[in-house]
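Student: Sequence and computational prediction follow.
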Amino acid sequence: MKLLLSDFALRTWGNHIKAAHGDLTFVTAEQALADGTCDAEIAFMTREVTGKSSKNNPTPELAGFDTVVRTTPTLKWLQIHPAGAERPIYRELRARGVKVTTASGATAVTVSHSVLGALIAINRRFPLLADAQRRHAWEPRLGERSPRDLKGQCAVIVGMGPIGRNIARLLKALDIRSIGVRRSAEPVPECDRTVAYDDLPAVLPEADVLILCCPASPVTRGIANAGVFAAMPKGSLLINVSRGEIAVEKDVTAVLQSGHLAGAYLDVFEREPLEAASPLWDIPNVLISPHTASHSLGQNEAIFGIFLENLVRFREGRKLRNDVDDLG
């Protein structure tokens with residue numbers, strides 16, 4: 001059995017894989033691209049393959065890897081590093097019978113920590129303090145400028161995968177209650193209440209903060225829009241760590257500029273990188289993050305751990321973890 005991976009991944013994890021699966025052979029995407037042929041049954045797409053790619057700006061490394069997996073007739077399974085599998089190539093592979101599995105769960109802790117840190121920072125108006133510091137201005141947050149107490153607030157969390165559940169669990173430490181939004185209203189232990197996507201409008205008046213951490217789908221694309229923001233209380237917050245197309249960017253911009261929303265943490269955008277001319281860069285109390293909410297020094301090892309577990313399952317003919325076909 002042969003495994004396709006990048007040259008970097010082979011250097012980094014090749015010996016580890018070989019120690020556990022001594023009969024496995026390797027081929028790098030770089031070599032396969034040069035040869036114009038590949039006969040691997042398994043492929044592992046690691047983070048450095050995507051490098052600085054975005055959905056609107058693929059790098060040569062990503063384009064090359066995509067070319068190889070598209071032209072490998074023997075491919076049976078592809079493990080990818082993101083938690084979501086929205087890119088068209090994954091649908092193409094699944095249509096021809098290739099299993100595609102994600103690394104869902106590997107980034108739940110780091111993304112949750114980013115959300116928690118951002119929520120505290122925006123609520124406590126740290127971006128405004130940082131701006132005052134750059135101007136050498138002493139501007140105490142007093143009176144109407146004082147931050148709201150976090151205790152007793154309500155977070156509406158759209159998406160109840162590992163990330164959403166972990167966010168809800170962490171918010172309990174701040175005495176913030178949470179309403180989870182998912183495909184069904186089936187209860188989630190980490191949340192105080194759970195509703196289906198169709199019932200999102202009913203809970204928006206309770207939303208002191210709207211947290212988007214759902215996958216992109218026909219149901220969720222554009223789910224955060226002008227109507228949704230208008231239904232939220234004045235002074236509430238927005239956090240988006242899902243996908244850029246979940247929120248209508250012009251509506252996000254307008255509601256922040258109007259002051260109806262008091263701040264936001266935005267990690268994803270409709271077009272990435274975010275254009276330098278975007279007004280979002282300059283709106284007070286908004287944190288712009290370059291799609292890095294999940295990044296940490298230990299992230300790659302966590303993703304590699306999921307791949308190793310799935311490799312054993314694949315070779316034993318067992319059900320794969322995070323199989324996209326099982327997610328509906």
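Tutor: On my side now, so go ahead.

Student: And Ala226, its phi and psi?
Tutor: When read as degrees, to the nearest 10, the backbone of Ala226 gives phi -60, psi -40.

Student: does the closest residue to Ala207 other than its chain neighbours count as helix, strand or coil?
Tutor: The shortest distance from Ala207 to any non-neighbouring residue, by Cβ to Cβ, 6 or more residues apart in numbering, is to Val156 (4.1 Å). Glycine gets a C-beta too; all of them are placed from N, C-alpha and C. The three-state label given to Val156 by DSSP: H, G, I helix; E, B strand; the rest coil is strand.

Student: Report pLDDT for the closest residue to Glu206 other than its chain neighbours.
Tutor: Distances taken as Cβ to Cβ, 6+ apart put Cys154 closest to Glu206, at 4.7 Å, once the chain neighbours are dropped. Reported pLDDT at Cys154 in the predicted model: 98.

Student: so how many other residues sit close to Cys154?
Tutor: A count of neighbours around Cys154, defined by other Cβ atoms under 10 Å, yields 19.

Student: Is it correct that it is in contact with Arg177?
Tutor: Yes: assessed by Cβ atoms under 8 Å, Cys154 is found in contact with Arg177 at 5.2 Å.

Student: for the stretch 101-250 of the chain, what spans make up the helices?
Tutor: Ranges of helices within the stretch 101-250 of the chain are 108-123, 126-134, 162-171, 200-203, 226-231, 249-258, based on DSSP state H, counting those that start in this stretch.

Student: How is the protein divided into domains?
Tutor: Per automatic domain parsing, the structural domains of the chain span 2-106+296-326, 108-288.

Student: Could you verify my assumption that Val188 touches Ala168?
Tutor: Yes: Val188 is within contact range of Ala168, at 7.3 Å (criterion: Cβ under 8 Å).

Student: anything in contact with each of the two?
Tutor: Listed as contacting both Val188 and Ala168 by Cβ atoms under 8 Å, 6 or more residues apart in numbering are Gly180.

Student: Have a look at these two and say which one is more surrounded.
Tutor: Neighbour count, other Cβ under 10 Å: between Val188 and Ala168, Ala168 has more, with 25 against 19.

Student: Please list all residues in contact with the more buried one.
Tutor: Counted by Cβ under 8 Å, 6+ apart, Ala168 has contacts 155, 157, 178, 180, 188, 190-191.

Student: Now do the contacts for the residue nearest to the spatial centre of the chain.
Tutor: Centroid check for the chain by Cα atoms, centre = their mean gives Ser242 as the closest residue, at 4.6 Å. For Ser242, the contact set (Cβ under 8 Å, 6+ apart) comprises 158-159, 212-216, 220, 268.

Student: Now render these as JSON lines, adding pLDDT and neighbour count.
Tutor: JSON lines is the format used below for the contacts of Ser242 (pLDDT from 0 to 100; neighbours: other Cβ atoms under 10 Å):
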{"residue": "Val158", "pLDDT": "98", "neighbour count": "24"}
{"residue": "Gly159", "pLDDT": "97", "neighbour count": "24"}
{"residue": "Leu212", "pLDDT": "98", "neighbour count": "25"}
{"residue": "Cys213", "pLDDT": "97", "neighbour count": "28"}
{"residue": "Cys214", "pLDDT": "96", "neighbour count": "27"}
{"residue": "Pro215", "pLDDT": "91", "neighbour count": "19"}
{"residue": "Ala216", "pLDDT": "91", "neighbour count": "18"}
{"residue": "Thr220", "pLDDT": "97", "neighbour count": "21"}
{"residue": "Val268", "pLDDT": "96", "neighbour count": "23"}
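
Student: want to throw those residues into CSV with distance to Asp149?
Tutor: As requested, the contacts of Ser242 are exported to CSV (distance: Cβ to Cβ, whole Å):
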residue, distance to Asp149
Val158, 24
Gly159, 26
Leu212, 24
Cys213, 24
Cys214, 28
Pro215, 33
Ala216, 34
Thr220, 31
Val268, 29
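
Student: between those residues, which is closest to Arg313?
Tutor: Pro215 (22.2 Å; Cβ to Cβ).

Student: correct me, but that closest one touches Arg243?
Tutor: Yes: the pair Pro215 / Arg243 is scored as a contact, 7.3 Å apart, by Cβ under 8 Å.

Student: list the residues that contact both of the two?
Tutor: Common contacts of Pro215 and Arg243 (Cβ under 8 Å, 6+ apart): 84, 86.

Student: quick revisit: restricted to strands, list the contacts of Ala168.
Tutor: 155, 157, 178, 180 (DSSP state E).

Student: what residue ranges in this structure score low on pLDDT?
Tutor: Along the chain, the parts satisfying pLDDT under 70 run over 327-328.

Student: hang on, the earlier thing: most neighbours, which of the ones in strands among the contacts of Ala168?
Tutor: The ones in strands among the contacts of Ala168, ranked by neighbours (other Cβ under 10 Å): first place Ile157, 29 neighbours.

Student: Name the residues linked to that residue by a beta bridge.
Tutor: On the basis of DSSP bridges, Ile157 is bridged to Gly180, Ile211.

Student: For it, give me its contacts.
Tutor: 164, 167-168, 178-181, 191, 211, 213.
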